[in-house]
Structure formats: structure tokens, C-alpha cells
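Undergrad: Have a look at this fold, sequence not included:
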Ligand SMILES: Nc1nc2c(c(=O)[nH]1)N[C@@H](CN(C=O)c1ccc(C(=O)N[C@@H](CCC(=O)O)C(=O)O)cc1)CN2
């Protein structure tokens, strides 16, 4: 794909990629699928493990359980104190792995300093991995086998599809190489079904602005407040803000406000990718329950 054509009369403010509305539609569909599962005697259940008292993480986990309640998914919540050891976390995961009422589970990230994220993610039963972050499922993504997909990357791709954004051959620049967003997103976008051309930028990238400026699509997921500015973005580009920085004044994304005057489409923070992350978690849980049926 060449540069995205800028329609005549492009508004001074970018079109909204509305994650809240899209997620609402997805939740309504999932509710019907859960009702169909119930008629076949299956009730999906999401287990969450929250370690410590980070208010952001607590809010995200609470949101996940609100979604479960609305859709009809059973909720199993485990909360451990900041002082929990690696053994405590592994024991909580083992309990959920062995609980037949728990059909999907997640460990909320980040974990407190000193608890090895990799060890904890590997301890999740890959068949119950609702986040798609177990190495087996990330490996499946690499080799193109079916499996749960990481929620934020899947949410980004679904949001772009919803707004008919062409991905084949599109130049996508991902800012940030984290495990939950940047790295798996590059894998998703380079599948044959998406076929985008992906550049990943990080702290050591030379002249990041030059990379961003030639992108058709920019995904800002570095967790660095207002890192991407209007001058960095090609007029007509599509920009998705994924980063969240908490300040005394409130939450700030990775994309500065002035980008709305340059981009053709913008997934804002809040209201863009975040709600899609939650919707994709629910989708992963429902899909896993559907896969457990003999013929579905
Ligand atoms: N085990 C996981 N941990 C984390 C993940 C993940 O996918 N799995 N992603 C993030 C946190 N996260 C979900 O867990 C998440 C982040 C943000 C949102 C969201 O809806 N954000 C709002 C605004 C933010 C706010 O009000 O605080 C929005 O963008 O509209 C949902 C889920 C890291 N950890």
C-alpha cells in the first residue's frame, strides 16, 4: 500500500477510532454466544490473579470482572498482597489451573519487583491462557497455529478492521517493544492475513521522528507521555495511542493532543485501544470455551 489517500475536505480533527463503541458491540455478541454455551451446559469462567496494590492494575482487574458479569462469564478473583512471594503467585496460578470452574485465567501485569514475570507466565496452563502470553501460545502465533492472541494487539487489529483500515502493505511503526503490546503486535501485523510492513522503535532508535513520519499507521505503546507529536506524524496517517502515564493531573497518553489536527484517524487514550483490550480478553475466554465443545 502506498500513502493512505487523504480524502478531500479532511477534517481538522481526526476521525475517532471508537474503542468504547466497538467493544460494546463485541460484548453484546459475546453475551449471545455465552447464552448458547449455557444451553449446551458450558459456563466459561475467568480467573484473575492480582498481586499488590497498584491502583491502575486493581481498576483494570475490576473492569474485567464487570465485563464478565455483563456477559455471563463466571468470575474467580485471587488477590495477593504486595509482600507475596513467587511461590505464593505460583500456588495461586496452580489452584486456578486445577479448578474446573476456571476455563481461562490471567495474571495481571506488571508484577511487583522481584517476581519473575516469565516464570509466572510459563506456569499458566497454555489451554487456559486467556491473555495469549504463555510462550507456547506466543510460539503458536509465530508459526501460525491457532491459539489465544494477546489482548491489546488483537484489539488494535480488530479496531482497525472495524474502521476498514487497509493493512496489506501498510507501513506500520510501533513505538515500544513491550511483551503485552509491541512485540506480539508486530507478529500479528506480519501474518499473511494482515501483511503489513512493520518497524519497531525503542529507546535506542536513532531519529525516531523520521521513522514515525513515513508511517501510514503509528501505534504509540511506549508509556512515555506525549512522546508522539504532530510534527512527527505524516498528515493523513492513522495513529493509535496505547500508552498510559499517571500524573497528578490525571492520565496522559503517548500521543500529544495536537496530533488530532494532523492524523486522519486517531484511537485516543482513553476510549480507543483500552476498551478493546478488555473486549478481546472476553473474546479469548468465550472462544476457548467454544473450542472445548465437540463440534462448534
Ligand atoms: N495480564 C495482563 N496485564 C496487563 C495487560 C494485559 O493485557 N494482560 N494490559 C495492560 C492493562 N490492561 C489490561 O490488563 C488494560 C489497560 C487499559 C485499559 C483501559 O481501558 N484503559 C482506559 C483508560 C485508562 C484508565 O482509565 O486507567 C482507556 O484506554 O480508555 C484496559 C485494560 C497492562 N497489564
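TA: Thanks, I have it. The model shown is predicted, which means the values in this text are computed figures rather than measured ones.
Undergrad: so what's residue 233 up against?
TA: 212, 213, 215, 218, 239, 259, 262, 263 (CB atoms under 8 Å, 6 or more residues apart in numbering). Glycine gets a C-beta too; all of them are placed from N, C-alpha and C.
Undergrad: Report the residue ranges of every domain in this protein.
TA: Domains of the chain are assigned by automatic domain parsing as 42-139, 151-275.
Undergrad: Give me every residue in this structure lying close to the ligand.
TA: Contact residues, the chain versus the ligand (CB under 6 Å from any ligand atom): 56, 59-60, 106-109, 131, 151-152, 180, 244, 251, 269-271, 274-275, 277-278.
Undergrad: What residue in the stretch 151-296 of the chain comes nearest to the ligand?
TA: Among the residues of the stretch 151-296 of the chain, residue 274 lies nearest to the ligand; the distance is 2.2 Å by CB to the nearest ligand atom.
Undergrad: let me fix that: the stretch 101-250 of the chain
TA: Counting by CB to the nearest ligand atom, the stretch 101-250 of the chain gets nearest the ligand through residue 109, at 3.6 Å.
Undergrad: quick one: what helix or strand has the residue of the stretch 151-296 of the chain closest to the ligand in it?
TA: helix 273-291 (DSSP states H and E).
Undergrad: Show me what that helix is packed against.
TA: Where contact means 3 or more CB pairs under 8 Å, 6 or more residues apart in numbering; DSSP states H and E, helix 273-291 is packed against helix 19-39, strand 45-51, helix 55-71, strand 104-107, helix 151-162.
Undergrad: redo that, cut-off 7 Å
TA: On a contact count with 3 or more CB pairs under 7 Å, 6 or more residues apart in numbering; DSSP states H and E, helix 273-291 meets helix 19-39, helix 55-71, strand 104-107, helix 151-162.
Undergrad: what's the nearest residue to residue 93 if we skip its chain neighbours?
TA: Nearest residue to residue 93, sequence neighbours excluded (CB to CB, 6 or more residues apart in numbering): residue 123, at 4.8 Å.
Undergrad: which stretches of this protein have low pLDDT?
TA: Applying pLDDT under 70 to the chain picks out residues 1-12, 296.
Undergrad: how many other residues sit next to the nearest residue to residue 51 once chain neighbours are set aside?
TA: Using CB to CB, 6+ apart and skipping residues adjacent in sequence, the residue nearest residue 51 is residue 80, 4.6 Å away. Neighbourhood size, residue 80 [other CB atoms under 10 Å]: 18.
Undergrad: hmm, back to that, in the helix holding residue 274, what counts as buried?
TA: By 16 or more other CB atoms under 10 Å, the buried positions in helix 273-291 come out as 273-290.
Undergrad: Over to stretch 207-221?
TA: 208, 211, 212, 215, 216, 217, 218, 219, 220, 221.
Undergrad: who's in contact with it?
TA: Residues from elsewhere that reach stretch 207-221 (CB atoms under 7 Å, 6 or more residues apart in numbering): 1, 3-4, 156, 170-176, 178, 181-182, 185, 199, 201, 205, 227-228, 232-234, 237-243, 254-255.
Undergrad: The residue nearest to residue 292 when sequence neighbours are not counted: how many residues sit nearby?
TA: Once flanking residues are discounted, residue 292 sits nearest to residue 42: 6.7 Å by CB to CB, 6+ apart. Per other CB under 10 Å, the neighbour tally for residue 42 reads 15.
Undergrad: contacting residues for residue 42?
TA: 289, 292, 293.
Undergrad: How about residue 270: what's its closest non-neighbour residue?
TA: For residue 270, ignoring the flanking residues on the chain, the nearest one in space by CB to CB, 6+ apart is residue 251 at 6.9 Å.
Undergrad: Three-state assignment for the one you found, please.
TA: Secondary structure for residue 251, judged by DSSP: H, G, I helix; E, B strand; the rest coil, is strand.
Undergrad: and it, what are its bridge partners?
TA: Per DSSP bridges, the residues bridged to residue 251 are residue 246.
Undergrad: wait, what's in contact with it?
TA: Contacts for residue 251 (CB under 7 Å, 6+ apart) come out as 244, 245, 270.
Undergrad: could you flag which of those residues are buried?
TA: Buried among the contacts of residue 251 (16+ other CB under 10 Å): 244, 245.
Undergrad: Mind putting the contacts of residue 251 into CSV with distance to residue 145?
TA: Shown next, in CSV, are the contacts of residue 251 (distance: CB to CB, whole Å):
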residue, distance to residue 145
244, 32
245, 36
270, 34
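Undergrad: so which of the contacts of residue 251 comes closest to residue 94?
TA: Taking CB to CB as the measure, residue 94 lies nearest residue 244 of the contacts of residue 251, at 30.8 Å.
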